[in-house]
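>>> need the 3D shape of this:
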Amino acid sequence: AVVSTQSTGALNWEYMQHFPYHIRYRLYAKWKNVSYSKNPLLMVTKAETIHASRYILKRLTKENVKPFGRQIGRVAHCNPAVIFDQILFQIQRYDNLILPIVNALKYLGLLSLDVLSYCIIEALSDPEKSKQKEEDTNISWWFQVLATFCGHIYKKYNIELSGLLQYIVNQLKANKSTDLLILKEVIQRMSGIEISEEVTESQLEAVCGGPVLLAEAGFFTPIRHTERSNQRLQESLGLNNIWLPLCILASQQRHSIVFGNDERHTKLTARLYDQCQDTFTQLGQFLTTNPTNNQSLKQLPSFEELSTMYHLHADSAFFLLRTKLQDQIMIECGKKCTPDDPQPYVDASQKIISQLSDQVKLLYPPKVWDKISPRLFATFWSLSSPDIILPSERYTTEIQRIEAAIKQVNDNEDLAQRRKDKEIERHKDLITKLKEEHKAQETNHKLVLARLEAEKDVWFASTNSTKVDAIMQFLQVCIIQRSMFTASDAIYCAKFVELCHKMQASNFSTLIYFDRIFSDVSHIVTNCTDNEASRYGRFLCETLKGISRWHKDKSLYEKECGKSPGFVHIIRGDPSSDGAKKIEKYLDYENFRHVCCKWHFKLTKAMVFCFDSKDYSQIRNGLTVLNKILPEFPVVLNLAQALEKRIAKVKEEEKSVRPDLYALAMGYSAQLNSRRTTFIAEDKFHHVEKKTSDNTASRNNSPARKDKRGDSVKRRDDAESEKKRRRDDDLKKEGERKSAEKKVKQDVSPKTKANGVRDRDSETDENRSKIRKK
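Purely as a prediction, here's the structure:
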């Protein structure tokens, strides 16, 4: 009908809401694209609606939302598709209209909101617009604005999400990963879960806790402010189990982005990869942090199916399966497991891990499992940060903050008593939940430590490889991959290695592990995206933090490392007796300080290599890593000065060429200058022997030095004879050349001779004239 009211729209919606969304969207498409072009009266109505909508949108601001919102609702009751086209067109041009328009749409009926959902999907799928800038390495502005509008509109109003989610699934099937930005915005606005690389240390500690602590202190937006929209998103994802294809397709897109399009710019590829990774972890975190989703997570396929049938890598498959594996262990052991008697939990976990170990063997060739145990791989990937890290201080801090909030509510005289009682009751209930969760986390932490204590001796027990090979394989298939997955996983990797050292895992060398970590930094940083470099920097910072604790405190080093098998420096045996007992020599404190200086030098050398490469990715990733490890590196003054010189060179070269690198270099340089007072000289970082003349003479007179001197003299004599032979050959060739030239001169023509005589005569006349002048 041309003329309609809100009541008419409500009656129509009562009838149409029983149709599935795809049938409703077909009706809206015919109404919008066909009906207005056939009926002359509707053509006039469409023109009037366009004129009215433009009049409203020109005058709409955040101060006059209410009156103009009513006008939008009045127009949208009869011609919703026409006015929504104009609204979406204006939003794509002016992003500051998003919030005023979202607030102005509160007068729309349910039918109009459903039509708006269809118009949004139609605008997103416009084939005439490119979602990526052809001349730039960014996502198109209009698409970013529409994605942000989707997040706001679906959070504020009760609009069915099924159509939008299915649209995203279809786009992912067509390898169009750009549309994951829509899913990221919707999850972020509706659930409050935000994935950011700029999280604080307190937020990372909250991630290591339970769901209650995570909801209160783990995000920038408290989860309690999004309870209703959170529930609607859960119901929409659970409808037809659309969450499962979304998870699998999002994980597959990470590798499709890298290997699927060779024509895409490297910077854009890295940006899309980071966006895909963030959206996947955001979706997985939303599913695992909501208790109502536990039943859905039980429907996940096994690890073998995810890795072989759906081709998910180990990091993605275990990220989805961790909650399910933990539930299987608890079901297997029942309620009999307690910290005082952890054996039922240990037995149940070993049973589940044994089954999982048989499945993970299919991922790599047998030579990998000759160096490390499949049980180590399964255990490492199946655990999470809350299992091995207990943030007791964070729980205490959060409880104190809530108690202070209760006191503040009591002191507020402007609040009504009923409101005060309600707020105080909510805060007390939250304190109770945090205390109960802390106790449960502590119990789980002790059970996991007992499980690891029972498994530690089989992790590196292979007799077919050396310690270096085992450590290298462990880094390749476990540490490096997971340290770049999320920021919390970077912390987890560093803490897991600390546990291996603390529990004295059999055949695990902590020294070799640290040495390999700092020897391969430049190669790893070269292949990182921006976000991966940030996470890898967090991992290095956490690793340096543990090393710095031992370096600063001799007593602590002697207690934790002095007699640890991980710090065995030399193993010797008596060669005169077969099977004699081996003598273990541990690394003493002063030698450990020498090794620390060597690791700092290697790290500096790796960063200098990145800056000297002139490559955009290496310079940017190097600066990102340095920003993350700034609290722990650099410490030595001469190494800091070397970095300062390279940073100054980067600023000078990139100022007018690549401004983003110049801005990063300026920011790091300012932070480095602010820490200048904390730098120490090298002789204070470790003992440096001063070179003396006596020491030099003794070294020169040593037998080894004499042998080396004799070899050098022999090599020098050989070089001199070879040089003499070449000189004789050159003289012989020069004599032959001169004789040939002489013969040629004898054959010169008379004319040439006459010219030569004339030239000599002219030169003689010039000389005579100069003498007269003098």
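>>> from now on I want contacts and neighbour counts done on CA atoms only, so please keep to that.
Will do.
>>> any buried residues in stretch 227-237, and which?
Of the residues in stretch 227-237, Ser229, Asn230, Arg232, Leu233, Gln234, Glu235, Ser236, Leu237 count as buried by neighbour count, 16 or more other C-alpha atoms under 10 Å.
>>> isn't the first one right next to Ile187, touching?
No - applying C-alpha atoms under 8 Å, one finds Ser229 not in contact with Ile187, separated by 9.6 Å.
>>> contacts only, for Ser256.
Listed by C-alpha atoms under 8 Å, 6 or more residues apart in numbering, the contact set of Ser256 reads Asn175.
>>> if we can go back for a sec, as JSON lines, the buried residues of stretch 227-237 with distance to Asn138 would be great.
Formatted as JSON lines, these follow (distance: C-alpha to C-alpha, whole Å):
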{"residue": "Ser229", "distance to Asn138": "30"}
{"residue": "Asn230", "distance to Asn138": "30"}
{"residue": "Arg232", "distance to Asn138": "32"}
{"residue": "Leu233", "distance to Asn138": "29"}
{"residue": "Gln234", "distance to Asn138": "31"}
{"residue": "Glu235", "distance to Asn138": "33"}
{"residue": "Ser236", "distance to Asn138": "30"}
{"residue": "Leu237", "distance to Asn138": "29"}
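>>> so which of those residues belong to helices?
Applying DSSP state H to the buried residues of stretch 227-237, the entries found in helices are Ser229, Asn230, Arg232, Leu233, Gln234, Glu235, Ser236, Leu237.
>>> nearest to Trp550 among the residues you listed?
Asn230 (45.5 Å; C-alpha to C-alpha).
>>> tell me, how many residues neighbour Ser307?
20 (other C-alpha atoms under 10 Å).
>>> that one is in what secondary structure piece?
Per DSSP states H and E: Ser307 is located in helix 303-308.
>>> now that helix: mean pLDDT?
Here helix 303-308 scores 92 as its mean pLDDT.
>>> likewise stretch 132-151?
Mean pLDDT, stretch 132-151: 86.
>>> what residues sit buried inside it?
The neighbour-count check on stretch 132-151 (16+ other C-alpha under 10 Å) flags 132, 137-140, 142-151 as buried.
>>> mind checking the end-to-end distance for stretch 518-533?
The first and final residues of stretch 518-533 sit 15 Å from each other (C-alpha to C-alpha, to the nearest Å).
>>> now stretch 539-550, how far from the centre of its chain.
Offset of stretch 539-550 from its chain centre (C-alpha atoms, centre = their mean, to the nearest Å): 19 Å.
>>> likewise stretch 457-471?
30 Å.
>>> stretch 182-193 now?
19 Å.
>>> ok, residues contacting that stretch?
147-148, 150-152, 154-155, 165, 168, 194, 219-223, 225-227, 229-230, 233, 278-279, 282-283, 285-286.
>>> isn't Leu626 right up against Gly537?
Yes - contact criterion C-alpha under 8 Å: Leu626 and Gly537 qualify, at 7.1 Å.
>>> how far away from the center of its chain is stretch 381-396?
Centre-to-centre, stretch 381-396 and its host chain are 20 Å apart (C-alpha atoms, centre = their mean).
>>> and the contacts of it?
202, 205-210, 213, 314-315, 318, 321-322, 325, 434-435, 438, 441-442, 444-445, 448-449, 478, 488-489, 491-492, 495-496.
>>> of the residues you listed, just the buried ones, PyMOL syntax please.
The PyMOL command for the buried members of the contacts of stretch 381-396 (criterion: 16+ other C-alpha under 10 Å) is given here:
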select buried, resi 205+206+207+208+209+210+213+314+315+318+321+322+325+434+438+441+442+444+445+448+449+478+488+489+491+492+495+496
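>>> out of the contacts of stretch 381-396, which are inside helices?
Those of the contacts of stretch 381-396 lying in helices (DSSP H): 202, 205-207, 213, 314-315, 318, 321-322, 325, 434-435, 438, 441-442, 444-445, 448-449, 488-489, 491-492, 495-496.
>>> now Lys106. Nearest residue, chain neighbours left out?
Nearest residue to Lys106 in three dimensions, chain neighbours excluded: Gly69, at 7.3 Å (C-alpha to C-alpha, 6 or more residues apart in numbering).
>>> settle this for me: that neighbour is touching Pro100, isn't it.
No - with contacts counted by C-alpha under 8 Å, Gly69 stays clear of Pro100, the gap being 9.1 Å.
>>> so between those two, which is more surrounded?
Neighbour count, other C-alpha under 10 Å: between Gly69 and Pro100, Gly69 has more, with 22 against 18.
>>> now do the helix or strand encompassing the more buried one: distance to the chain's middle.
Gly69 is part of helix 65-76, with elements assigned from DSSP H and E. Its chain's C-alpha centre and that of helix 65-76 lie 44 Å apart, by C-alpha atoms, centre = their mean.
>>> angle of the next helix or strand after it against helix 65-76?
Counting by DSSP H and E, the next helix or strand C-terminal to helix 65-76 is helix 80-93. Angle, helix 80-93 to helix 65-76, by axes from the mean of the first three to the mean of the last three C-alpha atoms, to 10 degrees: 130 degrees.
>>> all strands of the stretch 601-750 of the chain, in order?
In the stretch 601-750 of the chain, no strands are defined using DSSP state E, counting those that start in this stretch.
>>> what are the boundaries of the helices in it?
616-628, 637-654, 659-674, 682-685, 693-700, 703-746, 750-773 (DSSP state H, counting those that start in this stretch).
>>> one more: the stretch 451-600 of the chain?
With DSSP H, counting those that start in this stretch as the criterion, the stretch 451-600 of the chain has helices at 467-474, 480-483, 487-502, 510-519, 521-526, 530-552, 554-560, 589-612.
>>> any chance of the ones you listed in JSON lines, plus distance to Glu128 and mean pLDDT?
As requested, these are exported to JSON lines (distance: least, C-alpha to C-alpha, whole Å; pLDDT from 0 to 100):
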{"stretch": "helix 467-474", "distance to Glu128": "49", "mean pLDDT": "92"}
{"stretch": "helix 480-483", "distance to Glu128": "39", "mean pLDDT": "95"}
{"stretch": "helix 487-502", "distance to Glu128": "38", "mean pLDDT": "95"}
{"stretch": "helix 510-519", "distance to Glu128": "49", "mean pLDDT": "94"}
{"stretch": "helix 521-526", "distance to Glu128": "37", "mean pLDDT": "91"}
{"stretch": "helix 530-552", "distance to Glu128": "31", "mean pLDDT": "95"}
{"stretch": "helix 554-560", "distance to Glu128": "65", "mean pLDDT": "93"}
{"stretch": "helix 589-612", "distance to Glu128": "41", "mean pLDDT": "94"}
